[in-house]
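In: Structure, please.
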Amino acid sequence: MHKLIKHLLTDNAIYLALACSFLILIFSLIPVQSNLLGTVNNSDKILHTFSYTLLSLSWLFYFKPIKNLKVKFFLALNLFFFGIIIEVLQSTLTTYRTGSLYDVVANTIGIFIALFSFEKLFKLIFSK
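Out: Sure thing, here's the model as predicted:
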């Protein structure tokens with residue numbers, strides 16, 4: 001199982017990152033049942049944070065060979081703007097979704113979680 005994960009992350013990193021990006025875009029713009037996330041207040045913010053953590057990790061795995069802090073900063077900035085663009089699209093293109101500043105905050109928290117945990121996670125997966 002460990003070798004499979006290594007293989008998937010190294011040989012298919014760009015496809016994984018693009019798929020995560022595409023899925024987040026699509027699921028952010030399609031109608032969703034209000035009871036899908038349960039009755040926990042702001043449970044969608046947890047989903048936003050989790051989604052953007054996974055999205056950020058997938059792009060960090062792709063850019064791992066580049067040992068430049070500017071690349072990580074540029075990546076984080078692009079993911080931040082990706083989240084803002086999605087929120088704007090929700091407000092302008094759909095009648096069933098609304099953009100939210102709190103969603104942008106949750107997305108940003110997910111990006112930072114990924115940035116701060118990536119190196120440890122990478123070592124955990126690839127050290128064996």
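
In: helices and strands of this protein: which one bottoms out on pLDDT?
Out: When the helices and strands of the chain are compared on mean pLDDT, DSSP states H and E, helix 2-11 comes out lowest with a mean of 70.

In: Tell me where this structure has helices.
Out: Listed in chain order, the helices of the chain (DSSP state H) span 2-11, 13-29, 43-63, 69-93, 101-126.

In: Deepest in the core, which of those helices is it.
Out: Of these, the one with the most neighbours on average (mean count of other Cβ atoms under 10 Å) is helix 43-63, at a mean of 20. All C-beta spots, glycine's among them, are computed from the backbone N, C-alpha and C.

In: Looking at it now, give me its mean pLDDT.
Out: What helix 43-63 shows for mean pLDDT is 93.

In: same thing with stretch 120-128?
Out: On average, stretch 120-128 scores 76.

In: repeat for stretch 68-79
Out: Rounded mean pLDDT across stretch 68-79 is 94.
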